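J.: Could you look at this predicted model? Sequence included:
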Amino acid sequence: MPRWLIHCAVLLLFAVHTPLAATTPGGFRLAGVVVDSVSGAPIDRAAVTIAPVTSLDDTVTVLTSSNGQFLFAGLAAGKYRLTAGRRGYTFQGLDQHETYMTAIAVGQGLDSEHIRFRLFPEAVLAGNVSNDFGDPVRDARVFLFQRKIFSGAHTTNLVSRAATDDKGNYRFAHLAAGVYTVAVYAKPWYASSQGAGLRFGEGIGIRQVGFPDSAVQHAPPVPESAANPILDVVYPVSFYSNAGTLDTATPLSLVPGGSFSADFTLHAVPALRLRVKLPVDASENFTHSPPMGETAGDSTTTFAAAIQVSGEELENLSAHPVTGEPGYYEIFDAPPGELKLTASWLKNSGPYTEQSKTAQVSAESRIDMELPGPLASVSGMVQSNSRLKLTPEDDGEGPSPMLYLLPRGTENSVGTKIGEKGSFSLSLPAGQYEVSISGYGDSQIDSIKSPDAIVSGHIINLLPGKPVKLEVQLTIPNCSVAGFAMKEGKPISGAMILLIPVDSAQNASLFHRDQSDSDGSFSLANVLPGRYTLLAIENGWDLEWANLAVLFRYLPNGQPLEIKPGSSVTMNPKVQ
């Protein structure tokens, strides 16, 4: 449709407040009403957007009339995705759950003119951050976490970030109803590191822009030496309300249209000094400790430290090499809590390797990043079938292909760059590891083989001190599963479709989901060959299906299927 025609139609809608119709003659219609999810009242001037599911960038937007109605006419047969929003409401897709929503099927014999789009009033969470003296904390980092079931498991995810203004205020708007918690991290404006001087150049008697007079009045006097413990302080990450960890934070239940105020008072504590010993491979051959990212001989090393909460890196910390002690870095101004430490190195023109470690710190300490136990060499090849050419993403200009081994039951990881011909090598102690690969686009691990290690799916079990050879086979998934979710002989929309691998404990990437559309149809693409069970669950979006004990009662009524390479399977599962 020409852009000028759309603009004219929108102007007409503003003038007469009647449902807007796409004016292409003939074709099919898509119509309905947008209502408040709480009161059921129609919502006028809500923006409703449609796009063909095969071309989501090809959008048309209309505004609802005074009675909440919208209309698109002259549409070609097919499926359309609907989204809607209005000031004071969340922007959302039709019947949206996580990233899934119900598309509307338009065509002969299909009812696409009685859509009821329930729009949820937005919730708001705001508050103020102050310090020990009651003064506002400016530019504090505020982090919003949401507790919910995501991908079939109870999770707490970082969903938004904000910063306080010069009065210490912050605000999160446009929130969906749910359970949230808030965390705050800031640096005392007057604090200094030993030998580092005062932060930001502040001095007594000089009121900095954005800081009230009271902040200077209450600030400790500047010592003759910067190494004053009164100024050598930090604010630990603080969780609402006055909690020290995410697990003990007060949950905030926001209802549609509701608001909540969460205020913080930050209390300074002594800054921690941490000395970190890098892995041997990262530090050997150094005659001195170079600055981060610089070289010593034919070797290069980098080190980074960040505050971490629930697997999310919140803020980077300063880290510097220790003079005269090769392979050691020192972290200044570390708050107590969880840190993520990452070392990466390129030694003697060998492969690029990186290693991360999660550490809980509560006092000044030394942290050894060396992996525990005797190390064994792990090497091998990444290969592909005829459908996949092993070349880096973006012709070498994108991310380098990497192979990662993640120790089971930890948040640590070891990774190495994959060579141009698919070769890799690294050293690891005995234990169980999950293998993952990045840098090859949409490819997935098809299989892992080894004569030296116990392999189960994507999990390898390394034995103490024994060299291991791995063969990792990649492929681009080219199978699909489609059909209709059926209940009492009729197709049903909004059902959760779940494709579960028979060995469901091994690899989450083998799971596939969809939401049935208005005609009950669904489609699962990019599926690897293998044996699966297909489920359709009517009210499954709040189901903890990643827990096999929860999923167990649904499996007997699922449909088993075996997907052959390159096949497209059609099945109509019964909705449970």
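T.: Received it, and whenever you're ready, just let me know what you need. Residues are numbered from 1 along each chain as shown.

J.: all helices for the chain, in order.
T.: Applying DSSP state H to the chain gives helices spanning 3-16, 213-218, 280-283, 548-551.

J.: so how far is the third one off the chain centroid?
T.: Put plainly, it is helix 280-283. Distance of helix 280-283 from its chain centroid, counting by C-alpha atoms, centre = their mean, to the nearest Å, is 31 Å.

J.: Kindly report the same for the last one.
T.: Here the centre of helix 548-551 is set off from its chain's centre by 24 Å, with C-alpha atoms, centre = their mean.

J.: Give me the mean pLDDT for it.
T.: For helix 548-551, mean pLDDT rounds to 86.

J.: Show me what counts as buried in that helix.
T.: For helix 548-551, the neighbour count (16 or more other C-beta atoms under 10 Å) marks Leu551 as buried. Just so you know, the C-beta spots here come from the backbone N, C-alpha and C atoms, and that holds for glycine as well.

J.: CA atoms only for it, dumped as CSV, please.
T.: In CSV, the C-alpha atoms belonging to helix 548-551 read as follows (Å, rounded to 0.1, in the frame of the first residue of the first chain):
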residue,chain,number,x,y,z
LEU,A,548,10.7,-33.2,34.3
ALA,A,549,8.7,-34.1,37.4
VAL,A,550,6.1,-31.4,36.4
LEU,A,551,6.2,-32.5,32.7
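
J.: I figured Cys479 hits Val569, correct?
T.: Yes: the pair Cys479 / Val569 is scored as a contact, 7.4 Å apart, by C-beta atoms under 8 Å.

J.: overlap in contacts of the two?
T.: Taking C-beta atoms under 8 Å, 6 or more residues apart in numbering as the contact rule, Cys479 and Val569 both touch Ile563.

J.: So what's the residue count around Ser259?
T.: Ser259 has 14 neighbouring residues, counting by other C-beta atoms under 10 Å.

J.: Please read the previous query as pertaining to Arg81.
T.: Applying other C-beta under 10 Å, we find 18 residues neighbouring Arg81.

J.: check contacts around Ala430.
T.: Contacts of Ala430 by C-beta under 8 Å, 6+ apart are 373-374, 376, 462-465.

J.: Kindly recompute the last result at 10 Å.
T.: Going by C-beta atoms under 10 Å, 6 or more residues apart in numbering, Ala430 touches 372-376, 453, 461-466.

J.: and Leu82, bridged to which residues?
T.: Beta bridges link Leu82 to Ile50, judged by DSSP bridges.

J.: in terms of contact, does it touch Val106 like I think?
T.: No: contact criterion C-beta atoms under 10 Å: Leu82 and Val106 do not qualify, at 11.1 Å.

J.: so what sits against both of these two?
T.: Joint contacts of Leu82 and Val106 (C-beta under 10 Å, 6+ apart) are 30, 50, 72, 518.

J.: Surely the last one touches Arg81?
T.: When you say that, I think you mean Ser518. No: using C-beta under 10 Å, Ser518 is not in contact with Arg81, being 11.1 Å away.

J.: Identify the contacts common to those two.
T.: Common neighbours of Ser518 and Arg81, using C-beta under 10 Å, 6+ apart, are 94, 102-104.

J.: Domain-wise, how is this protein divided?
T.: The chain breaks down into these structural domains: 3-119, 123-269, 271-368, 375-475, 479-570 (assignment by automatic domain parsing).

J.: Take the ones you listed and write them to a markdown table, including distance to Gln576.
T.: Rendered in a markdown table, the data for the domains of the chain read as follows (distance: least, C-beta to C-beta, whole Å):
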| stretch | distance to Gln576 |
| --- | --- |
| domain 3-119 | 17 |
| domain 123-269 | 15 |
| domain 271-368 | 32 |
| domain 375-475 | 27 |
| domain 479-570 | 5 |
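
J.: which residues sit in contact with Ala183?
T.: Taking C-beta under 10 Å, 6+ apart, we find Ala183 in contact with 141-145, 158, 237-240, 243, 245-246, 249, 264, 307, 309-310, 312, 314.

J.: 7 Å instead?
T.: By C-beta atoms under 7 Å, 6 or more residues apart in numbering, Ala183 lies in contact with 143, 145, 237-239, 309.

J.: got it, and Leu272?
T.: Contacts of Leu272 by C-beta under 7 Å, 6+ apart are 334, 336, 361, 363-364.

J.: between the residues you listed, which is nearest Phe117?
T.: Taking C-beta to C-beta as the measure, Pro336 is the one of the contacts of Leu272 closest to Phe117, at 47.8 Å.

J.: ok, the closest one touching Ser362?
T.: Yes: using C-beta atoms under 7 Å, Pro336 makes contact with Ser362 at a distance of 4.9 Å.

J.: Comparing those two, which shows the higher neighbour count?
T.: Pro336 (17 against 10).
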